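Colleague: next come a sequence and a model predicted from it.
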Amino acid sequence: LNYTLQTIPIKVSFSAGYPYAANLRFDIDLTQPYGQRVTNMEVWRESENENENENDNQGTGGYAENDGGGDGMSAGSWALLDPTDTTTKYVAATNSYLARGGDQYFRTVPEEAKTVLSDHGFTDTFAEYCRSVDVLLGPDLEAMSTQEFVPLEEY
């Protein structure tokens, strides 16, 4: 995310996609130097069960179609993401443009660590998801990607 924020011309307008993600939240401080603008990054960890490997965060991505909780989140908790941890495996769903490093996303992920599961375009994938759920709801404020935002002083 720090690489992405480095390429966005903040003073004019956002020419690259602003970083949003499901099951990932963070603070952004644009007054900080490049590489230090994203802090307090947390990932949603589903409650473990006997079928999950503790180093594998594949699950349902933190959201369940009908978990009875009412807020769309499955049972679990937010955990601080350790950028030095090279053993935990995370699964990210994105379009091919971003997966290949577009807008500076995933640029540090080696190609051999990437797997393409579908060649659907992002609109097809989103439409498929919409058909699979009864109701589309936005996330609660607690689940929004950007938790705190500090703009440049002149804005």
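Modeller: Arrived safely.

Colleague: CA atoms for contacts and neighbours, from now on please.
Modeller: Fine.

Colleague: can you list the low-confidence ranges for the protein?
Modeller: Counting by pLDDT under 70, the chain has low-confidence residues at 1-16, 49-73, 116, 118-121, 154-155.

Colleague: hey, C-alpha coordinates of the longest strand along the chain in CSV?
Modeller: Ranked by residue count, the top strand of the chain under DSSP state E comes out as strand 38-46. The C-alpha coordinates for strand 38-46 follow below in CSV (Å, rounded to 0.1, in the frame of the first residue of the first chain):
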residue,chain,number,x,y,z
VAL,A,38,0.4,3.3,6.0
THR,A,39,0.5,2.1,9.6
ASN,A,40,-1.5,-0.1,12.0
MET,A,41,-2.3,-2.6,9.2
GLU,A,42,-4.7,-5.3,10.5
VAL,A,43,-6.1,-8.4,8.8
TRP,A,44,-9.4,-10.1,9.7
ARG,A,45,-8.7,-13.6,11.0
GLU,A,46,-11.6,-16.0,11.2
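
Colleague: what's the following helix or strand after that strand?
Modeller: With elements assigned by DSSP states H and E, the helix or strand that comes after strand 38-46 is strand 76-80.

Colleague: buried ones in that following strand?
Modeller: Neighbour-count burial for strand 76-80, counted by 16 or more other Cα atoms under 10 Å, picks out Trp78.

Colleague: check stretch 39-49 too.
Modeller: By neighbour count on 16+ other Cα under 10 Å, the buried set for stretch 39-49 is 39, 41-46.

Colleague: list the strands paired with the longest strand of the chain, with their directions.
Modeller: strand 24-29 (antiparallel), strand 76-80 (antiparallel) (DSSP bridges).

Colleague: ok so, going back, from the buried residues of stretch 39-49, pick the one nearest Phe26.
Modeller: The shortest approach to Phe26 among these belongs to Met41, at 4.3 Å (Cα to Cα).

Colleague: what about that closest one, distance to Ser145?
Modeller: Using Cα to Cα, to the nearest Å, Met41 is found at 9 Å from Ser145.

Colleague: what do the two both touch?
Modeller: Here Met41 and Ser145 have 24-26 as joint contacts, going by Cα atoms under 8 Å, 6 or more residues apart in numbering.

Colleague: which of the residues you listed has the most neighbours?
Modeller: Arg25 (27 neighbours; other Cα atoms under 10 Å).
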